[in-house]
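1. This is a predicted model, with the sequence first.
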2 protein chains.
Amino acid sequence: MPQIDPNAIRQGDRLALSRALTAAENGTPASRDIQAALFPHTGKAHLIGITGAPGTGKSTLVNQLVKSFRKAENLPAPKVAVIAVDPTSPFTGGALLGDRIRMHDLAGDKDVFIRSMASRGALGGLAHSTAAFATILDGAGFDLVLIETVGAGQAEVDIARLAHTVIVVEAPGLGDDIQAIKAGILEIADILVVNKSDQPGAENTARALQAMLELSGSNTGSLFTAGKHRMQAQAPASLSPVNDEPAWKVPVLQVTATDGKGVLELREQIETHRKYLLESGMWQVKENQRLKQDLDSLISDLLVERWRQRQDKVAYHDALKNVIERKWTPYEAAESLLKKSSIHSGIIVR
Amino acid sequence: MPQIDPNAIRQGDRLALSRALTAAENGTPASRDIQAALFPHTGKAHLIGITGAPGTGKSTLVNQLVKSFRKAENLPAPKVAVIAVDPTSPFTGGALLGDRIRMHDLAGDKDVFIRSMASRGALGGLAHSTAAFATILDGAGFDLVLIETVGAGQAEVDIARLAHTVIVVEAPGLGDDIQAIKAGILEIADILVVNKSDQPGAENTARALQAMLELSGSNTGSLFTAGKHRMQAQAPASLSPVNDEPAWKVPVLQVTATDGKGVLELREQIETHRKYLLESGMWQVKENQRLKQDLDSLISDLLVERWRQRQDKVAYHDALKNVIERKWTPYEAAESLLKKSSIHSGIIVR
């Protein structure tokens, strides 16, 4: 594979950028060097997570939003990157079709870059690959990085909440499962969007969301704060929210992505949220939480990788055999293997 | 907490069973003892995964299916347990409402047990908690364990595919995101259900699924085999599929769960798939793959837990500070911390 030059990426070389992302997806050592070279230049991009159940029209909305940002009149148009995380295909990687459709629409605009996450890298899961993508795109000079996930699973929610601004997309009348999802997903939303608002029931959905927000206390900040504290076990002081933080009131917007209605208002709310984050000090808090989460997931990946390299293949085979024959529980087998490898390496584990 | 008696669980004590599941969810040491006591009695239950996007009516379908199994005329009615995995709420745990609704409907039948997975345990993620639940319910003597997940995320797909029989539920016209999901999720399906088949477009959805199955080659076994092989790196011979395995032809069924149309046929297909698994030897292959996956996830959880216990808090704090100040990448910080803890413990890591 040819060398990838981080300076070329910084200067807008698309081929170098694509190669760097592929390397990150595969977790190659070269990718680590590129990320290390770009890392000092990061921390500038606004990371925007967009999540919602299938069928809510997220992709169309993202497309419209990108166009709206690129046409902003009174500010210099930002450079926009989109990461489409579609982990629904365990084998082939999804979303490639969606990519091509959108590429067609935004093709020719050299300050827009769209990429789907086609697979999970060898080292690290989906969350880590997304973090690596964000680092590279941030370092490449994109002002906005939109991270689109299918928000019906834990992994996808975890990814979305790492963004500075989290947009949760709903649509009218998607069935009774939705109720349960809303309850959980509301708590990570900075902006709620009811898409397809030209369809019957949109008004009701918006009202129901507003009522749930008020019930859950999200808009007084109490629930949000509870969530943040949970993430802060062992965190240094710089991860704590600023005192007397002004509460962010989650807006509920009605949008029709297909004809662009409400998209401008959404863009303005994103910009308002960005100002709120910067002025309240929450920008830095979120940034630090994201970096801590990335560090923790890398530690866990490296521990497993190193253990596998040292592992005694015969002992592993025997342990699995004992489990299959129901002599040991999987837990007993795991404990036995870890004890063996520790003694082998010279540590005594209690 | 009072002691939980594994014998009481085996004899049908519901309170003991509920307590054991709660202990498993919390990953307590007591739970490990209970699982160890029940483990030799496991391996009998038929694990059935049911997955699909929100809005496909999975819960209603599961409800009808349980009723159908309980009313089976020409066989002794099986004892049925349902695990509702709803990981969409990162904070509060979802699906509790759904539980109560279904409980009401099936209340009074002492051979039906329904439980939602309300949270992720301290040790181990969602997949591990589900495995623990399956072990306990299998050991408690349930003949069928239905595992219902919201199938739009990687974690949920991973859980569903661990079952002996995987049912993927679709519904007519849920929007364009669905196409991408189908492509991935088709490959894990043993039975495809188009629910809400009284709605317009059901026939088209069924035809499209059938066409996709034929295109992907799932029904000739080639794709399915490729998937299985990927899981078998380092696996002992007993994890390999049996040679000359007769191919399973994935049926596409049209069902209307609300009025019960097609539910009997679905039940019969589940029973046919069970016979196929047993006769082809695939039952044991799937069983072994599931146990291996559970072992691997426990090893990874234990490695991280033990590292955290030994970790130098000051070194961790300093490393994170260097990342936040963009002096080190998260990867460099993780490497540095792992090197320190290894030297500290007496191992030299390359």
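-> Ah, there it is.

2. The longest helix anywhere in chain A and chain B, any residue contact?
-> Longest among the helix segments of chain A by residue count, using DSSP state H, is helix A:282-310. Yes. With Cβ under 8 Å from any Cβ of the partner chain as the measure, helix A:282-310 is seen reaching chain B through A:287-288, A:291-292, A:294-295, A:298-300, A:302-304, A:306-307. Where you see a C-beta, it was placed from the backbone N, CA and C, and this is true even at glycine.

3. ok, then the element right after that helix?
-> Beyond helix A:282-310 in the direction of the C-terminus, DSSP states H and E gives the next helix or strand as helix A:313-324.

4. Would you mind getting the angle between that next one and helix B:282-310?
-> What separates the directions of helix A:313-324 and helix B:282-310 is an angle of 120 degrees, with axes from the mean of the first three to the mean of the last three Cα atoms, to 10 degrees.

5. now helix A:313-324, how far from the centre of its chain.
-> Here the centre of mass of C-alpha atoms in helix A:313-324, compared against the chain's by Cα atoms, centre = their mean, to the nearest Å, lies 37 Å away.

6. mind listing what's buried in it?
-> By neighbour count on 16 or more other Cβ atoms under 10 Å in any protein chain shown, the buried set for helix A:313-324 is A:Tyr316, A:Asp318, A:Ala319, A:Leu320, A:Asn322, A:Val323, A:Ile324.

7. filter the residues you listed down to the ones near chain B?
-> Restricting these to those near chain B - Cβ under 8 Å from any Cβ - leaves A:Tyr316, A:Ala319, A:Leu320, A:Val323, A:Ile324.

8. Skip the chain neighbours and tell me the closest residue to the second one.
-> Spelled out, that is A:Ala319. Among residues not flanking A:Ala319 along the chain, A:Ala333 sits closest, at 4.1 Å (Cβ to Cβ, 6 or more residues apart in numbering or on different chains).

9. tell me the secondary structure for that neighbour?
-> The three-state label given to A:Ala333 by DSSP: H, G, I helix; E, B strand; the rest coil is helix.

10. Distance of A:Val12 relative to A:Phe142?
-> To be clear, residue A:12 is Gly; Val isn't right here. Summarising the geometry, the distance separating A:Gly12 from A:Phe142, computed by Cβ to Cβ, to the nearest Å, is 10 Å.

11. got it, and A:Gly173?
-> Applying Cβ to Cβ, one obtains 36 Å for the distance of A:Gly173 from A:Phe142.

12. Please apply the same query to A:Pro29.
-> With distances defined as Cβ to Cβ, the gap from A:Pro29 to A:Phe142 amounts to 25 Å.

13. go on, A:Ile34?
-> Taking Cβ to Cβ as the measure, A:Ile34 and A:Phe142 are separated by 15 Å.

14. of the two, who's got more company?
-> The neighbour comparison of A:Ile34 against A:Phe142 (other Cβ atoms under 10 Å in any protein chain shown) goes to A:Ile34, with 26 against 23.

15. Go ahead and confirm that one touches A:Ile9.
-> Yes. Counting by Cβ atoms under 8 Å, A:Ile34 touches A:Ile9, with 7.3 Å between them.

16. what's the overlap in contacts for these two?
-> A:Ala20, A:Ile136 (Cβ atoms under 8 Å, 6 or more residues apart in numbering or on different chains).

17. In the stretch 1-150 of chain A, what residue spans correspond to helices?
-> A:6-10, A:14-26, A:29-38, A:58-70, A:96-106, A:126-139 (DSSP state H, counting those that start in this stretch).

18. Using a markdown table, lay out those together with distance to chain B and mean pLDDT.
-> Conversion of the helices of the stretch 1-150 of chain A to a markdown table gives the following (distance: least, Cβ to the nearest Cβ, whole Å; pLDDT from 0 to 100):
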| stretch | distance to chain B | mean pLDDT |
| --- | --- | --- |
| helix A:6-10 | 12 | 95 |
| helix A:14-26 | 11 | 91 |
| helix A:29-38 | 5 | 92 |
| helix A:58-70 | 7 | 91 |
| helix A:96-106 | 6 | 52 |
| helix A:126-139 | 6 | 88 |
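
19. what residues are up against A:Asp40?
-> Actually, residue A:40 is Pro. It isn't Asp. B:Arg326.

20. Please tell me how far it sits from A:Arg19.
-> Computed with Cβ to Cβ, the distance linking A:Pro40 and A:Arg19 is 21 Å.

21. domain ranges for chain A?
-> Structural domains of chain A, as assigned by automatic domain parsing, span the residue ranges A:6-283, A:311-345.

22. Tell me which of the ones you listed is the most buried.
-> Each of these was scored by mean neighbour count; the highest is domain A:6-283, a mean of 19, by mean count of other Cβ atoms under 10 Å in any protein chain shown.

23. how far does that one stretch from start to finish?
-> Across its full length, domain A:6-283 reaches 27 Å end to end, with Cα to Cα, to the nearest Å as the criterion.

24. got it, and stretch A:318-332?
-> Across its full length, stretch A:318-332 reaches 13 Å end to end, with Cα to Cα as the criterion.

25. just stretch A:46-58 next, same as before
-> Between the opening and closing residues of stretch A:46-58 we find a distance of 19 Å, counting by Cα to Cα.

26. from the chain's centre, how far out does that stretch sit?
-> What separates the centre of stretch A:46-58 from the centre of its chain is 10 Å, taken as Cα atoms, centre = their mean.

27. what does stretch A:284-297 give?
-> Shown here is stretch A:284-297, whose average C-alpha point lies 12 Å from the average C-alpha point of the whole chain (Cα atoms, centre = their mean).

28. Ok, stretch A:265-279 next?
-> With Cα atoms, centre = their mean as the basis, stretch A:265-279 stands 19 Å off its chain's centre.

29. Only C-alpha atoms, please: export that stretch in PDB.
-> The C-alpha trace of stretch A:265-279 is given here as PDB (Å, rounded to 0.1, in the frame of the first residue of the first chain):
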ATOM      1  CA  GLU A 265     -34.800  26.300  11.200                       C
ATOM      2  CA  LEU A 266     -33.000  23.100  12.100                       C
ATOM      3  CA  ARG A 267     -29.800  24.500  10.800                       C
ATOM      4  CA  GLU A 268     -30.300  27.700  12.900                       C
ATOM      5  CA  GLN A 269     -31.000  25.500  16.000                       C
ATOM      6  CA  ILE A 270     -27.800  23.600  15.400                       C
ATOM      7  CA  GLU A 271     -25.900  26.900  15.300                       C
ATOM      8  CA  THR A 272     -27.700  28.100  18.500                       C
ATOM      9  CA  HIS A 273     -26.700  24.900  20.300                       C
ATOM     10  CA  ARG A 274     -23.100  25.400  19.200                       C
ATOM     11  CA  LYS A 275     -23.100  28.900  20.700                       C
ATOM     12  CA  TYR A 276     -24.700  27.600  23.900                       C
ATOM     13  CA  LEU A 277     -22.000  24.900  24.200                       C
ATOM     14  CA  LEU A 278     -19.200  27.300  23.800                       C
ATOM     15  CA  GLU A 279     -20.500  30.000  26.100                       C
END
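
30. This completes my enquiry, with thanks.
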